[in-house]
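J.: Sharing a sequence plus its predicted fold:
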Number of protein chains: 4
Amino acid sequence: MSRTHRIVIGVMGADDAPRDVLALAERAGKRIAHHRAVLLTGGRGGVMRAAAKGAATNGGMVIGVMPGRDAEESPPNDHVHIALFTGLGEGRNYVNACSCDAMVALPGSWGTLSEIAFGMKLGRPVVVVGDGGPTGVPSAATPEEAVDQAYRTVRGTPVPD
Amino acid sequence: MSRTHRIVIGVMGADDAPRDVLALAERAGKRIAHHRAVLLTGGRGGVMRAAAKGAATNGGMVIGVMPGRDAEESPPNDHVHIALFTGLGEGRNYVNACSCDAMVALPGSWGTLSEIAFGMKLGRPVVVVGDGGPTGVPSAATPEEAVDQAYRTVRGTPVPD
Amino acid sequence: MSRTHRIVIGVMGADDAPRDVLALAERAGKRIAHHRAVLLTGGRGGVMRAAAKGAATNGGMVIGVMPGRDAEESPPNDHVHIALFTGLGEGRNYVNACSCDAMVALPGSWGTLSEIAFGMKLGRPVVVVGDGGPTGVPSAATPEEAVDQAYRTVRGTPVPD
Amino acid sequence: MSRTHRIVIGVMGADDAPRDVLALAERAGKRIAHHRAVLLTGGRGGVMRAAAKGAATNGGMVIGVMPGRDAEESPPNDHVHIALFTGLGEGRNYVNACSCDAMVALPGSWGTLSEIAFGMKLGRPVVVVGDGGPTGVPSAATPEEAVDQAYRTVRGTPVPD
C-alpha cells in the first residue's frame, strides 16, 4: 500500500435499527475518525447514518456506497461526503465488502448478514459488535474495541492508547 | 407469470462439501427435475455439481450462473446445460438469489450464507435442508421436503404426491 | 466445452425500435433457433421481444437476462422461457455480454452500444446488422448472415447451407 | 444535494494510451482539482493514472473504482487516495458511470466506450475531449473546456474565470 492510500473501514448495519444500536454505530464512526481512517457505509439511514454522523462530526471522511444509480433513487444521508452510486441495488453489499479493508458490523438484518458473509468469504477482517453475529465471526464487546481490532489487523500493528 | 415462463429453483451450497451433503444436493436436484422446474446453481463443483447431476440425469434442465467472465475463468461443471457467465466474481451470489423463484440451501460456507441472506432480504422463499441455517430461515428435514416446500410457495398450490 | 453445454447467442437492441429493425431482430431469433443455439436477450420489449418471438415460435429456447430483481420490477416479455433476474439495473448489460458466446447487435441506443463495447472488450465475436455500429466492429448485411457469422466463429466451423 | 456532498467528476480513458492523450488526461485532473471537485477514475494506469496525477499533485482528492476485489488483484495507481474495490471486473465500468456526477472521456478503447455509453444512458453530462467520441456525445477542444463544461452542467451555474 503506497503512502497515498488511506485505510477504509466499513461499518455495516441496518437502515432500521433500535436506538441503542444507533448509539453503538455512532461510537464506531467516531473511533474510525480517531484513527484517521475513511469510513465506508451503505450511505442510507439507521446504522449507516449514525456511523457517518460519528465520523463526520469528529473530522473523519465518509464514503457512502449507494444502491441506486443516482441521488434521486438513493438519497445519501447528510453526513456522507462522497456518495458513490453503484446502480446495483442490494448487490452493492458485495461492493461494500470488497471496498473496505476491514469491517465492523452491527448485526440484525439480512442485508448486514450478506455483508458479513461476503467479508468472511473475501478474507477481510470482520468484527461484530456484541454477540449477535453468526458463529465463527470475531466479536468485540464495544464499538471502540471492534474498530481497534479491525484497524490493528489491517495495519498489522498494535493500536496505541 | 405467462404460460411460457418456467419456474426456477436454486440449490445453493459450497464448492467443497462432505459426501453426505453432496448426496442431499443430488436428491434436491432430482426432485426439482421431478417438478419440471429449472435448476439454477452457481455452476461450479461440490454441491453445485451434485445438484446439477441429480437434475440433469433425471431429465431436468440446469442453468449455471458462473462467477467468471468465460469458461476459461470459470469452467462450468459437466451437468450444466446453459452456462451464464456474469463476470461479477462472488457478486454473482446476488444474481443467484435474484434469479431463482425459490431457493433450497445446504449451508456450510460463507458464500452460501450470503445467498441465504440475499434470498431472505429479497423475500424469496428460502428453505434450508437440515438445521444448519441461520435463525429465522425455514428448514426441512429432507431435500425432497425442502424442494416441495419451495415449489409449493412459488406455485401457491399443494404439491401432489 | 462439454457435450452438455449449449451455445448461447445474444441479440442486443433497444426497447424502443422502429418496425423495420424489429423485423430484422425477429429474423435473427429465428436463425438462432435454426442453429439450435440458445437465444439470450435483455428480456424486455422492442428488439428483445422481437428476437425472442423469432426464436420461440421456431422451436428455440429463450433466456431473458433482466435488469430488475423480480418480475414485478422487470416483467419479461411473453416469449422468454427462462427469466434470470439480476437486480443490477443497466449493469446487467455487462452480464449480457459475458453470458453470450457470440453477440448479434442491432445498434441504435446507448444501452446497446454499452453491450457492443463490452462484447468487444471481452473478446466475444460481435456482429452488427447493417452499418450503424461503431468503427471496428464486424457487420453483416442481413440478420441471417450476422447469426451465421457469429455461430461460425464460436463453433470454429463453416455453417452448412 | 446537501452542503456536505462533494461533486464527483469522472475521467475515463484507457489503461494503454499514447503520450499526448496522457498529457490531456493530466490537464483534466488538474482542472478538476481547481474546481475542488473529487476525481473519480478506474484507478489503473494510462489515462487513469495521468488524470489522478494531475488532480493529486494539485491538491485534489482522487477516488479509484477498481475492477478487482483487493489490491492484489487490482493494484491502484500511486495517486489514488481512496481505492474502492468492486470485485466486478469490467462490470465496474457501470459503477464508474453511476458514481460520477459528470464524466470527461478520452476515447480510444472499448472499455471507455462502454463508460461513455452508460453515462449517456444514465443521463449524466458526458464531454469527450477531441473529436474521437461516438456521434451524439458533446465534445470540447481542450480538457479544461471539457471539465468546465461538465462542472457547469452539474452546478447549474457558469464557471468563473
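T.: It's in.
J.: where does chain A dip in pLDDT?
T.: For chain A, residues meeting the criterion pLDDT under 70 lie at A:1-3, A:157-161.
J.: Chain A: strands as residue ranges?
T.: A:8-12, A:38-41, A:62-66, A:82-85, A:102-105, A:126-129, A:139-140 (DSSP state E).
J.: other SSEs contacting the fifth one?
T.: The reference is to strand A:102-105. strand A:8-12, helix A:110-121, strand A:126-129, helix A:143-155 (3 or more Cβ pairs under 8 Å, 6 or more residues apart in numbering or on different chains; DSSP states H and E). The C-beta positions use only the backbone N, C-alpha and C, and glycine is treated the same way.
J.: in that strand, what counts as buried?
T.: Buried residues in strand A:102-105, counted by 16 or more other Cβ atoms under 10 Å in any protein chain shown: A:Ala102, A:Met103, A:Val104, A:Ala105.
J.: Could you spell out the sheet neighbours of that strand, each with its direction?
T.: As defined by DSSP bridges, the strand partners of strand A:102-105 come to strand A:8-12 (parallel), strand A:126-129 (parallel).
J.: Contacts only, for the residue nearest to A:Ser139 when sequence neighbours are not counted.
T.: Closest residue in space to A:Ser139, ignoring its immediate chain neighbours: A:Val128 at 4.3 Å, by Cβ to Cβ, 6 or more residues apart in numbering or on different chains. Contacts here follow Cβ atoms under 8 Å, 6 or more residues apart in numbering or on different chains; on that basis A:Val128 touches A:Val104, A:Ala105, A:Leu106, A:Pro107, A:Ile116, A:Val137, A:Pro138, A:Ser139, A:Ala140, A:Ala146.
J.: The nearest residue to A:Ala97 once chain neighbours are set aside - how many residues pack around it?
T.: The shortest distance from A:Ala97 to any non-neighbouring residue, by Cβ to Cβ, 6+ apart, is to A:Phe118 (3.6 Å). Using other Cβ atoms under 10 Å in any protein chain shown, A:Phe118 has 31 neighbouring residues.
J.: Is A:Phe118 in contact with A:Val95, as I believe?
T.: No - contact between A:Phe118 and A:Val95 fails when scored by Cβ atoms under 8 Å: they sit 9.3 Å apart.
J.: buried set for the lengthiest helix in chain A?
T.: Under DSSP state H, the helix in chain A containing the largest number of residues is helix A:19-34. Residues A:21-22, A:24-34 are the ones in helix A:19-34 that count as buried (16+ other Cβ under 10 Å).
J.: Just put those residues in a markdown table and tack on distance to D:Arg152.
T.: Formatted as a markdown table, the buried residues of helix A:19-34 follow (distance: Cβ to Cβ, whole Å):
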| residue | distance to D:Arg152 |
| --- | --- |
| A:Val21 | 43 |
| A:Leu22 | 39 |
| A:Leu24 | 43 |
| A:Ala25 | 38 |
| A:Glu26 | 38 |
| A:Arg27 | 41 |
| A:Ala28 | 39 |
| A:Gly29 | 34 |
| A:Lys30 | 37 |
| A:Arg31 | 40 |
| A:Ile32 | 35 |
| A:Ala33 | 34 |
| A:His34 | 39 |
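J.: and which of these is nearest to chain B?
T.: Nearest to chain B, judged by Cβ to the nearest Cβ, of the buried residues of helix A:19-34 is A:Val21 at 17.3 Å.
J.: Next one: the nearest residue to that closest one once chain neighbours are set aside from A:Pro143, what distance?
T.: Leaving aside its sequence neighbours, A:Val21 sits nearest to A:Leu106 (Cβ to Cβ, 6+ apart; 5.4 Å). When Cβ to Cβ, to the nearest Å is applied, the distance between A:Leu106 and A:Pro143 equals 8 Å.
J.: same deal with A:Ala117?
T.: On the measure of Cβ to Cβ, A:Ala117 and A:Pro143 end up 21 Å apart.
J.: Same question for A:Arg92.
T.: From A:Arg92 to A:Pro143 the distance is 23 Å (Cβ to Cβ).
J.: When these two are compared, which one has more neighbours?
T.: Applying other Cβ under 10 Å to A:Arg92 and A:Pro143 shows that A:Arg92 carries more neighbours, namely 29 against 26.
J.: how close does the nearest residue to A:Gly132 once chain neighbours are set aside get to A:Ala17?
T.: Nearest residue to A:Gly132 in three dimensions, chain neighbours excluded: A:Pro107, at 4.4 Å (Cβ to Cβ, 6+ apart). Distance of A:Pro107 to A:Ala17, computed by Cβ to Cβ: 10 Å.
J.: Could you double-check that A:Val80 sits in contact with A:Arg44?
T.: No - contact criterion Cβ under 8 Å: A:Val80 and A:Arg44 do not qualify, at 9.5 Å.
J.: joint contacts of those two?
T.: A:Gly64.
J.: who's more crowded, those two?
T.: A:Val80 (28 against 22).
J.: Would you quantify the distance from the more buried one to chain C?
T.: 20 Å (Cβ to the nearest Cβ, to the nearest Å).
J.: With adjacent residues omitted, what lies nearest to that residue?
T.: A:Val80 sits nearest to A:Gly64 (Cβ to Cβ, 6+ apart), 3.7 Å away.
J.: quick one: contacts for the one you found?
T.: A:40-44, A:48, A:52, A:76-77, A:80, A:82-84.
J.: 7 Å - rerun?
T.: A:Thr41, A:Gly42, A:Gly43, A:Pro76, A:Asn77, A:Val80, A:Ala83, A:Leu84 (Cβ atoms under 7 Å, 6 or more residues apart in numbering or on different chains).
J.: interface residues of chain A facing chain B?
T.: Residues of chain A lying close to chain B by Cβ under 7 Å from any Cβ of the partner chain are A:Glu90, A:Gly91, A:Tyr94, A:Trp110, A:Gly111, A:Leu113, A:Ser114, A:Ala117, A:Phe118, A:Met120, A:Lys121, A:Pro134.
J.: And the furthest pair within the residues you listed?
T.: A:Gly91 and A:Pro134 (20.6 Å; Cβ to Cβ).
J.: who's more crowded, those two?
T.: Counting neighbours by other Cβ under 10 Å for A:Gly91 and for A:Pro134 shows that A:Gly91 has the greater number, 28 against 18.
J.: What distance do you get for the nearest residue to the more buried one once chain neighbours are set aside to D:Leu88?
T.: Distances taken as Cβ to Cβ, 6+ apart place B:Tyr94 nearest to A:Gly91, at 4.2 Å, with adjacent residues excluded. In this view, B:Tyr94 and D:Leu88 are 11 Å apart by Cβ to Cβ.
J.: got it, and A:Gly45?
T.: 25 Å.
J.: the more surrounded of these two?
T.: Set A:Gly45 next to D:Leu88 and count neighbours by other Cβ under 10 Å: D:Leu88 wins out with 30 against 16.
J.: Verify the stated contact: the more buried one with B:Glu90.
T.: No - D:Leu88 is beyond contact range of B:Glu90, at 10.1 Å (criterion: Cβ atoms under 7 Å).
J.: Around chain D, which positions in chain A sit nearby?
T.: Going by Cβ under 7 Å from any Cβ, the residues of chain A near chain D are A:1-2, A:4-6, A:8, A:38, A:63, A:69, A:71, A:76, A:78-87, A:94-95, A:98-99, A:122.
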